[in-house]
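S.K.: can't give you the sequence, but here's the structure:
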């Protein structure tokens, strides 16, 4: 099943397992400043031990059906990823997210990868609502939510304290019937 092709450019989606901790650390190191503008991942993954611990936490989430993490590879190199930060199968909700190093920006990788995992969550797990949360200033992440056909539900004003500054968080979502109606479904499931 894996890797899943993300298109004709050779990009691939695979589960990001604890055995890939060195690759994750290298990916974060290449984009530490860029990725860290809006999300705390670079503050969490600082060395090999913390990278392994981060991926172990997601392995535990996956085992409990409470979250998942996937890497995006181009040319054999991990360049970013998509994830379900949270997932509640019983309630039918999940929160998707992403990160990408600067060399991979502007190629549609996150949108293509997010389509695969959202489709899997909706069709295989019965998730009814997928959320996407982004700092209001994170225009690239908000553009992904729009491309995924999500609706802006609202803004949590100054709800995210990050690096000493309060950020507004926009909440976007897509419901299963809306997702199925988009016609943008991928050919493969995560």
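M.R.: Okay, I see it. Note that this is a predicted model, so its numbers are computed, not measured.

S.K.: any stretches of the chain with poor pLDDT?
M.R.: Residue ranges of the chain with pLDDT under 70: 1, 183-190.

S.K.: the strands in it, which residues?
M.R.: 4-5, 12-15, 68-74, 77-88, 93-100, 129-135, 151-162, 165-175 (DSSP state E).

S.K.: what pairs with the first one, and is each one parallel or antiparallel?
M.R.: Its sheet considered, strand 4-5 pairs with strand 12-15 (antiparallel) by DSSP bridges.

S.K.: kindly report the same for the fifth one.
M.R.: The strands that strand 93-100 pairs with in its sheet are strand 77-88 (antiparallel), strand 129-135 (parallel) (by DSSP bridges).

S.K.: list the contacts for residue 70?
M.R.: Neighbouring residues of residue 70 by Cβ atoms under 8 Å, 6 or more residues apart in numbering: 13-16, 81-83, 113, 117, 190. To be clear about C-beta, it is placed using only N, CA and C from the backbone, and glycine gets the same treatment.

S.K.: and for residue 97, the neighbour number?
M.R.: 21 (other Cβ atoms under 10 Å).

S.K.: with residue 81 instead?
M.R.: 25.

S.K.: ok, now residue 79?
M.R.: Neighbours around residue 79, by other Cβ under 10 Å: 22.

S.K.: residue contacts, it?
M.R.: Residues in contact with residue 79 (Cβ under 8 Å, 6+ apart) are 27, 72-73, 100-101, 103-104, 109.

S.K.: chain neighbours aside, what residue packs nearest to it?
M.R.: residue 104 (3.8 Å; Cβ to Cβ, 6 or more residues apart in numbering).

S.K.: about what we covered before: make JSON lines out of the strands of the chain and add distance to residue 142.
M.R.: Formatted as JSON lines, the strands of the chain follow (distance: least, Cβ to Cβ, whole Å):
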{"stretch": "strand 4-5", "distance to residue 142": "25"}
{"stretch": "strand 12-15", "distance to residue 142": "22"}
{"stretch": "strand 68-74", "distance to residue 142": "19"}
{"stretch": "strand 77-88", "distance to residue 142": "16"}
{"stretch": "strand 93-100", "distance to residue 142": "12"}
{"stretch": "strand 129-135", "distance to residue 142": "5"}
{"stretch": "strand 151-162", "distance to residue 142": "8"}
{"stretch": "strand 165-175", "distance to residue 142": "6"}
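
S.K.: circling back to that earlier point, how far away is the residue nearest to residue 79 from residue 78?
M.R.: Distance of residue 104 to residue 78, computed by Cβ to Cβ, to the nearest Å: 10 Å.

S.K.: now list whatever residues contact both of those two.
M.R.: Common neighbours of residue 104 and residue 78 (Cβ under 8 Å, 6+ apart) are residue 72.

S.K.: okay, these two: which has more neighbours?
M.R.: residue 78 (23 against 20).

S.K.: look up phi and psi at residue 127.
M.R.: Backbone geometry at residue 127, expressed as degrees, to the nearest 10, gives phi -70, psi 130.

S.K.: skipping adjacent residues, who's closest to it in space?
M.R.: Leaving aside its chain neighbours, residue 127 sits nearest to residue 121 (4.0 Å; criterion: Cβ to Cβ, 6+ apart).
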